[in-house]
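[1] how would this look folded up:
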Amino acid sequence: MFPQRLDAPQAYAIAQALMHGFSQHYRMFSAESARAKHRFETMDWLGQQRAQRERIEFYDLHVRECMRRLEKEFAASRQPMNVWQQVKLHYIGLMVDHLQPELAETFFNSVTTKILHRTHFHNDFIFVRAAVSTEYLENHAPGAVPIYRGYYPASREQLPASLTQMVAQLALQCPFEDLTRDVARLTERVRGRLQGLTLRPNFQLQVLSSLFFRNKGAYLVGKIITGYTELAFAVPIIHSAQGKLVLHAALFGEDDLHGLFSFARAYFMVHMEVPSAYVRFLHSLMPRKPCAEIYNALGLAKQGKTLFYRDFLHHLRHSSDQLRIAPGIKGLVMLVFDLPSFPYVFKLIKDRIASSKDITRAQVEGKYRLVKRHDRGGRMADTMEYSLVALPRSRFSDELLAELQAQAPEQIEISDRDGDGQEEVIIRHLYIERRLVPLNLFLQECLAEAETKPERCAAMERAVIEYGNAIKELVATNIFPGDMLWKNFGVTRGGKVVFYDYDEIEYLTECNFRAVPAPRDDADEMSGEIWYSVGPKDVFPETFGPFLLGHPAVREVFMRHHADLLEPAFWQQHQVSIRAGQMPDVFPYESSRFLDENEQWPAMFSVRSVPCPA
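    Numbering: from 1, shown residues only. All right, here's what the predicted structure looks like:
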């Protein structure tokens, strides 16, 4: 219900204060993103990672600052609802011609739901749907940088000149090792992808104006258009061992871009005046990727959460299946459920954590915060965190509801708050992740069908190799997964193995990797009990085998590719490298995409170790 008149004098001032709070937030977010270019140019890798972590904290910090101002100047929590209705209408007026209206709406929701102490989903005064369209939104101010630039080679022969111009307009303030060589290699790859296509009059390259920065790489992102054909592409730019820039690889097509923008990787830093325009462009390159995940990848996680929940509520209205306990082995710490028709899982911390797990709720929440801030290296699933989530009681299976009431009674409430006879289950704290196929189930299916379907044997081998690669790439980012059982890893649609159980993760450098001491006598050797002392951070890699390698076929593949994971020296060597300040390259693409076909990196995973500059 909207007010008939805008007669509350304080309503416009409150709306202005809210908009000022958002504008201050986005200025800081944008400035930090823009500084990523300088950090890349100066090879300030540790600074880049630190900025990526700190930027994640900006949003909640500025929401709290805005709340304090509203309470101090306007006694906001004591304003009547009629005033808040008028605040929303004034705020809509302030968003006309705004360059980030969708983000401003989400900021408004974040502040008002906390001030009014209402859940995100039952507040009549928030933006449940977008009030301002972002279609064709651009900055038309004089001197504004365009969203993307177009390049128009008249023929395949003119491609090198257009590609050179494309790189030059990035205005990177450090020299290339050999740009002519790199452009020639890139031209060859582009021509290869255009082979068989007729170049139509609209033949062009469209490239987003800002580079995408993450860790030690910068990524140029765009698409090639000819006729009705559009081909997504990205060009990673890195520093060589000599500190000069090189065009490192050529990525083409939606699958390559999905790997680059994976939900298992750290967020990009991109300077964007109009985020919705970047999201729209990227969605044209990856139409299967939800816009919510694209906002997440750009570091705008709160907007990603807003869009995700709108998508989820829409899906609930147009589906009829029930929420159920997720397939797989039940966890000792987390209770996991899903909706079969929806590609995500819902996780909450149990009130009664198994006694074999020496961990508290606060510690588990801390592990999830660690993952959110840390470089996930393409191997840890991103999570969205929600509070006070209200879902229809009718969509819960009886088995799931009984499990919730038994394992997490303090986390749920069943209520008919609207008095319409439609009960809701309100969950106090919830994590949501992309649904993956649990690796243990994937391997079981492969092994069960291996005799009759040879391709399943090959799939099993790939999964075991990927499992080892996942652990090694986590190690490269200073993460020890802790519980390395197959059930804690999942297989993505593209066959990549990703870790998703975080209650036992530790920084690699905080662990003590030891060899199992030799038994002192025959009694020790025959005993079923350990005969040596074990500290809280001690890890014995030799003991992983009995838990992981019970099946002979799995063991054979694992030992052929990843036997070093069972040796303390592997873990200790990486600890030494990390403590020495070395930061390896973990590339979000295969070596087959490298422009230098003779470039050699370890076959086990695309990681090389390069010392950080002093």
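[2] state the distance from the residue nearest to residue 15 when sequence neighbours are not counted to residue 308.
    The shortest distance from residue 15 to any non-neighbouring residue, by C-beta to C-beta, 6 or more residues apart in numbering, is to residue 90 (3.7 Å). C-betas here are computed from N, CA, C, even on glycine. Separation of residue 90 from residue 308 (C-beta to C-beta, to the nearest Å): 28 Å.
[3] just residue 368 next, same as before
    Computed as C-beta to C-beta, the residue 368 to residue 308 distance reads 17 Å.
[4] next SSE after the helix or strand harbouring residue 441?
    In this assignment (DSSP states H and E), residue 441 forms part of helix 439-449. Under the assignment DSSP H and E, the closest C-terminal helix or strand after helix 439-449 is helix 454-476.
[5] can you list the domain ranges for the chain.
    Per automatic domain parsing, the structural domains of the chain span 9-116, 148-299, 319-435, 436-579.
[6] mean pLDDT added to the ones you listed, as a markdown table?
    Putting the domains of the chain into a markdown table (pLDDT from 0 to 100) gives the following:
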| stretch | mean pLDDT |
| --- | --- |
| domain 9-116 | 94 |
| domain 148-299 | 95 |
| domain 319-435 | 91 |
| domain 436-579 | 90 |
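[7] pull the residues that contact stretch 593-602.
    Stretch 593-602 is contacted from outside by 182, 185-186, 189, 246-251, 256, 591, 607-608, using C-beta atoms under 8 Å, 6 or more residues apart in numbering.
[8] where along the stretch 151-300 of the chain do the helices fall?
    159-168, 179-194, 253-260, 275-285, 291-297 (DSSP state H, counting those that start in this stretch).
[9] so of those, which one's packed in deepest?
    Of the helices of the stretch 151-300 of the chain, the one with the most neighbours on average (mean count of other C-beta atoms under 10 Å) is helix 291-297, at a mean of 23.
[10] give the other helices and strands that whichever helix or strand comes after it contacts.
    Sequence-wise, the next helix or strand downstream of helix 291-297 (DSSP H and E) is helix 301-317. For helix 301-317, the packing partners by 3 or more C-beta pairs under 8 Å, 6 or more residues apart in numbering; DSSP states H and E come out as helix 45-74, helix 101-116, helix 291-297, strand 384-392.
[11] go with 6 Å
    If contacts are counted by 3 or more C-beta pairs under 6 Å, 6 or more residues apart in numbering; DSSP states H and E, helix 301-317 sits against helix 101-116, helix 291-297.
[12] buried residues in the first one, which are they?
    Which is helix 101-116. 101-113, 115-116 (16 or more other C-beta atoms under 10 Å).
[13] the helix or strand hosting residue 364 to helix 301-317, inter-axis angle?
    Assigning secondary structure by DSSP H and E places residue 364 in helix 361-373. Angle of helix 361-373 versus helix 301-317, following axes from the mean of the first three to the mean of the last three C-alpha atoms, to 10 degrees, is 110 degrees.
[14] mind exporting helix 361-373 as PDB, just the C-alpha atoms?
    Output of helix 361-373 as PDB, limited to C-alpha atoms (Å, rounded to 0.1, in the frame of the first residue of the first chain):
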ATOM      1  CA  ARG A 361      28.900 -23.300  15.500                       C
ATOM      2  CA  ALA A 362      31.000 -20.100  15.800                       C
ATOM      3  CA  GLN A 363      34.000 -22.000  14.500                       C
ATOM      4  CA  VAL A 364      32.100 -23.400  11.500                       C
ATOM      5  CA  GLU A 365      30.800 -19.900  10.600                       C
ATOM      6  CA  GLY A 366      34.400 -18.700  10.800                       C
ATOM      7  CA  LYS A 367      35.500 -21.400   8.300                       C
ATOM      8  CA  TYR A 368      32.900 -20.200   5.900                       C
ATOM      9  CA  ARG A 369      34.000 -16.600   6.300                       C
ATOM     10  CA  LEU A 370      37.500 -17.700   5.600                       C
ATOM     11  CA  VAL A 371      36.500 -19.300   2.400                       C
ATOM     12  CA  LYS A 372      34.500 -16.200   1.300                       C
ATOM     13  CA  ARG A 373      37.600 -14.000   1.800                       C
END
